[in-house]
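*Asks:* My questions are about this predicted structure, shown below with the sequence.
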Amino acid sequence: MPVLRVSLGVVFIWFGALKPFGNSPANEVIVKTIYWFDPDIFIPILGYWEMLIGLCLLFTPWIRFGLFLLALQMPGTFLPLLLRPEICFTSVPFNLTLEGQYIVKNLILIGAAMVVGSKLIPLKSRSLVE
């Protein structure tokens with residue numbers, strides 16, 4: 001379980017760190033999808049948000065907060081599939097572009113986060129154990 005949690009944290013830190021520096025392959029898709037926000041502001045905020053998710057997953061007391069931030073962020077990652085299908089598919093619904101594959105892989109991140117969250121001791125039970 002620690003390996004899954006740490007690897008999830010590292011992926012979020014890594015992918016998030018690319019965004020503020022303009023090096024993320026996702027930046028172009030973000031700009032084309034979330035066109036109503038200034039990308040010079042939105043993309044760095046998103047990157048720092050993702051790095052915060054990753055950091056929280058690395059430190060046990062902050063796992064719940066990191067999973068909460070992840071749950072808020074993940075639905076937005078699927079917006080291009082709905083709003084810009086021409087970017088994500090060569091033919092809908094099965095033939096994904098590289099960008100589409102990049103988005104669909106988030107299902108694995110969601111699954112890993114659910115596994116990590118399922119192994120947390122409930123807060124009420126935790127106070128009884130300590």
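*Replies:* Thanks, I have it.

*Asks:* Show me the shaky parts of this protein.
*Replies:* 125-130 (pLDDT under 70).

*Asks:* three-state assignment of the residue most central in space within it?
*Replies:* Centroid-nearest residue in the chain, with Cα atoms, centre = their mean: M74, separated by 5.2 Å. For M74, the assignment made with DSSP: H, G, I helix; E, B strand; the rest coil gives helix.

*Asks:* Need the contact partners of the lengthiest helix in the chain.
*Replies:* If you go by DSSP state H, the chain has its longest helix at helix 39-58. Contacts of helix 39-58 with the rest of the structure, by Cβ atoms under 8 Å, 6 or more residues apart in numbering, involve 5-6, 8-20, 22, 24, 27, 30-31, 34, 62-63, 65-67, 69-70, 73, 116. Backbone N, C-alpha and C define where each C-beta goes, glycine included.

*Asks:* Could you check it and say which residues are buried?
*Replies:* Judged by neighbour count (16 or more other Cβ atoms under 10 Å), helix 39-58 contains these buried residues: 39, 43, 46-47, 49-58.

*Asks:* just stretch 26-43 next, same as before
*Replies:* Within stretch 26-43, the residues that qualify as buried are A26, N27, V29, I30, T33, I34, P39, I43, counting by 16+ other Cβ under 10 Å.

*Asks:* Format those residues as JSON lines; extra columns: secondary structure.
*Replies:* Below are those laid out as JSON lines (three-state DSSP):
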{"residue": "A26", "secondary structure": "coil"}
{"residue": "N27", "secondary structure": "helix"}
{"residue": "V29", "secondary structure": "helix"}
{"residue": "I30", "secondary structure": "helix"}
{"residue": "T33", "secondary structure": "helix"}
{"residue": "I34", "secondary structure": "coil"}
{"residue": "P39", "secondary structure": "helix"}
{"residue": "I43", "secondary structure": "helix"}
